[in-house]
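Chemist: One predicted model, sequence on top.
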Amino acid sequence: AQKITQTQPGMFVQEKEAVTLDCTYDTSDQSYGLFWYKQPSSGEMIFLIYQGSYDEQNATEGRYSLNFQKARKSANLVISASQLGDSAMYFCAMRGTLYNQGGKLIFGQGTELSVKP
Amino acid sequence: EAGVTQFPSHSVIEKGQTVTLRCDPISGHDNLYWYRRVMGKEIKFLLHFVKESKQDESGMPNNRFLAERTGGTYSTLKVQPAELEDSGVYFCASSQDRDSQQYFGPGTRLTVT
């Protein structure tokens, strides 16, 4: 079965510093996708970044980068130059590609990030 | 282009009552997913529609939950009768195809008292 683990329930970071949010996964699929979503206090789920299992380069989107270590089965999110608006809940998710998966996402427990001024 | 919308944004009902949640996906998205997050736990998959057909309903917790997507456009998720443990946030997401990015709605916060 597929599983995502986020071991940090809460994290603090000083404004303008970088922070790494941990995510490890377990799957028997050879091909899969990894996602990070941000959920601010307003409640909506905002897509941040995607990494395919066969992508050789780590994904980057602006201040977000994904540190993908396939052998370790980890997909940590790195946020550079933290801003107050980055305070939110962050979810790591995985999508398998077996036909019967249907594209559904498996989520981790989430990490609540607080950015201090 | 309008995003995924959900109605209502918040619903408070008593145990034993019925509630119907609605999701309007992005126009043209054949794939529609329902997820929910109960307090303090991870977001869990409920079911997946492709057009009007249920592709995967393995995440539906029990037969008190009924999802429909008549005509392959909007979807409803009915909880009847609601129990206390059904409280949580129900998210809907849509995507153009199975491997595309899923766009999430703002969620419906359901509180059962």
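Modeler: Good, I have the coordinates. Numbering: from 1, shown residues only, chains lettered A, B, ... in the order given.
Chemist: What segments of chain A are strands?
Modeler: A:3-5, A:10-14, A:19-21, A:24-26, A:32-39, A:46-52, A:60-61, A:64-69, A:74-79, A:88-96, A:105-107, A:111-116 (DSSP state E).
Chemist: nearest to chain B, of these?
Modeler: Ranking the strands of chain A by proximity to chain B (C-beta to the nearest C-beta) places strand A:105-107 first, at 4.1 Å. C-beta coordinates here come from the backbone N, C-alpha and C atoms, glycine included.
Chemist: Could you list every helix and strand in contact with the closest one?
Modeler: Using 3 or more C-beta pairs under 8 Å, 6 or more residues apart in numbering or on different chains; DSSP states H and E, the elements in contact with strand A:105-107 are strand A:3-5, strand A:88-96, strand B:31-37, strand B:43-50.
Chemist: Pull up the pairing partners for that strand, direction included.
Modeler: strand A:88-96 (antiparallel) (DSSP bridges).
Chemist: what separates the strand it pairs with from the chain centre, distance-wise?
Modeler: Strand A:88-96 sits 5 Å away from the centroid of its parent chain (C-alpha atoms, centre = their mean, to the nearest Å).
Chemist: could you give the angle of it to strand A:64-69?
Modeler: 50 degrees (axes from the mean of the first three to the mean of the last three C-alpha atoms, to 10 degrees).
Chemist: So what touches strand A:88-96?
Modeler: Residues from elsewhere that reach strand A:88-96 (C-beta atoms under 8 Å, 6 or more residues apart in numbering or on different chains): A:2, A:4, A:6, A:21, A:23, A:25, A:27, A:29, A:32-41, A:45, A:48, A:75, A:77, A:101, A:103-108, A:110-113, B:42-43, B:99.
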